[in-house]
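Q: A structural model of the following input is requested.
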Amino acid sequence: MENTYAFLSLVLDSITEHIVVIDEVGDIQFVNKSWTAFANNNDCVVGDDWRGVNYIE
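A: Numbering: from 1, shown residues only. All right, here's what the predicted structure looks like:
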């Protein structure tokens, strides 16, 4: 299972579009490198750890 997550992360990180995966209540479970880079380049206060942040709020 761990290898599957690592592989999926590599695949999603290779995509230049901003990708975020949220659960049923809107909590972020994964963001790709493009999402994080965009946030960092636009002075987002979250930083690199998006897991658990509520996307809807």
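
Q: Please report how far S34 lies from V53.
A: 17 Å (C-beta to C-beta, to the nearest Å). Glycine gets a C-beta too; all of them are placed from N, C-alpha and C.

Q: repeat for C44
A: C44 is 10 Å from V53, where distance means C-beta to C-beta.

Q: cool, and A37?
A: Separation of A37 from V53 (C-beta to C-beta): 16 Å.

Q: Identify all residues paired with the most centrally placed residue in the chain through a beta bridge.
A: Taking C-alpha atoms, centre = their mean, the centroid of the chain lies closest to V31, which sits 0.8 Å from it. V31 has these beta-bridge partners by DSSP bridges: V20.

Q: in the chain, which spans are strands?
A: 20-22, 28-31 (DSSP state E).

Q: from these, which stretch is densest packed?
A: Ranked by mean neighbour count, these are led by strand 28-31 with a mean of 18 (mean count of other C-beta atoms under 10 Å).

Q: so where is the protein shaky, pLDDT-wise?
A: Scanning the chain with the threshold set as pLDDT under 70 gives 1-2.

Q: In it, where's the longest helix?
A: As assigned by DSSP state H, the longest helix anywhere in the chain is helix 2-13.
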